[in-house]
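> Need the 3D shape of this:
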Amino acid sequence: MTQTRWQLSRPLDFLVVADHAEALGSMMKLYSGGDPAFARTRTGQAMLEVGASRKPEDLTRAYSMLAGTASGLANPTA
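Numbers count the residues shown, from 1 in each chain. Next up is the predicted model:
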């Protein structure tokens, strides 16, 4: 989350399919109010509480919670 813009001198000639779907759009849906079912879960409520300020550092903590929960960690922010 460095917000550094990168530009390749030429396009890549391959495609990678990776298993990172646990966070695909989750943060944006949660904080835009677009996923009330997730917002009612314990994880969703905790993420909304941690990232309520929407400051980058708080959103990073909320994302870490989501990634840790998806990975099966008991307390991802500890």
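
> where does the chain have low pLDDT?
The chain contains residues with pLDDT under 70 at 1, 19-24, 34, 70-78.

> which one is Phe38 nearest to, not counting chain neighbours?
Once flanking residues are discounted, Phe38 sits nearest to Gly44: 4.3 Å by C-beta to C-beta, 6 or more residues apart in numbering. C-beta: built from backbone N, CA, C; applies to glycine.

> Could you report the separation of that neighbour from Glu57?
Per C-beta to C-beta, to the nearest Å, Gly44 is found 20 Å from Glu57.

> So in the protein, which helix runs the longest?
In the chain, taking DSSP state H as the definition, the longest helix is helix 56-70.

> buried set for that helix?
59, 62-63, 65-66, 68-69 (16 or more other C-beta atoms under 10 Å).

> now it, how far from the centre of its chain.
6 Å (C-alpha atoms, centre = their mean, to the nearest Å).

> check contacts around Gln45.
Contacts for Gln45 (C-beta atoms under 8 Å, 6 or more residues apart in numbering) come out as Ala39.

> ugh, wrong one, Leu12
Here Leu12 is in contact with no residue (C-beta under 8 Å, 6+ apart).

> mind checking the SS state of it?
coil (DSSP: H, G, I helix; E, B strand; the rest coil).

> so how far is Trp6 from it?
In terms of C-beta to C-beta, Leu12 sits 12 Å off from Trp6.

> From Leu15, how far out is the residue positioned nearest the centre of the chain?
Nearest residue to the geometric centre of the chain (C-alpha atoms, centre = their mean): Tyr63, 3.8 Å. Applying C-beta to C-beta, the value for Tyr63 to Leu15 is 25 Å.
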